[in-house]
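*Asks:* fold the following.
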Amino acid sequence: MLHSMSTTVDIASDRSADEVNEEIRALWRRSGGTLSGEQREEYQRLVLEWAAAVPQPAKAA
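*Replies:* As a prediction, this is how the structure comes out:
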């Protein structure tokens, strides 16, 4: 069975990258180091949210 993953990123969060990172760490602690299918989906969502929340460096002109 093949699983498809959405390529659309629609993350709107008012949380900081640190807050999302803490939730990711808590998920790993709760899982005991092995994520179930549902937990993997949550992890993927959280990683995308974290990436969107990380401050981007200013580009040099």
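*Asks:* now do the SS call for R15.
*Replies:* Going by DSSP: H, G, I helix; E, B strand; the rest coil, the secondary structure assigned to R15 is coil.
*Asks:* which residue ranges form the strands in this structure?
*Replies:* Assigned strands in the chain: none (criterion: DSSP state E).
*Asks:* which residues of it score low on pLDDT?
*Replies:* Where the chain drops to pLDDT under 70, the residues are 1-13, 61.
*Asks:* for it, which helix is longest?
*Replies:* As assigned by DSSP state H, the longest helix anywhere in the chain is helix 37-53.
*Asks:* name the residues of that helix that are buried.
*Replies:* Of all the residues in helix 37-53, those buried under the rule 16 or more other Cβ atoms under 10 Å are 42-43, 46, 48-50, 52-53. In this view, the C-beta of every residue, glycine as well, is placed from N, C-alpha and C.
*Asks:* repeat that for stretch 24-39.
*Replies:* Counting neighbours by 16+ other Cβ under 10 Å, stretch 24-39 gives L35 as buried.
*Asks:* which residues sit against it?
*Replies:* Here stretch 24-39 makes contact (Cβ atoms under 8 Å, 6 or more residues apart in numbering) with 42-43, 46-47, 50.
*Asks:* ok, so of these, who is nearest D14?
*Replies:* W50 (13.5 Å; Cβ to Cβ).
*Asks:* quick check, that closest one in contact with E19.
*Replies:* No - counting by Cβ atoms under 8 Å, W50 stays clear of E19, with 9.1 Å between them.
*Asks:* shared neighbours, these two?
*Replies:* Joint contacts of W50 and E19 (Cβ under 8 Å, 6+ apart) do not exist.
*Asks:* which residue is the nearest non-sequential neighbour of E42?
*Replies:* Nearest residue to E42 in three dimensions, chain neighbours excluded: L27, at 6.3 Å (Cβ to Cβ, 6 or more residues apart in numbering).
*Asks:* and that neighbour, how far from D14?
*Replies:* In this view, L27 and D14 are 20 Å apart by Cβ to Cβ, to the nearest Å.
*Asks:* next one: G32
*Replies:* The gap separating G32 from D14 is 30 Å, by Cβ to Cβ.
*Asks:* ditto for L48
*Replies:* For L48, the distance to D14 equals 15 Å [Cβ to Cβ].
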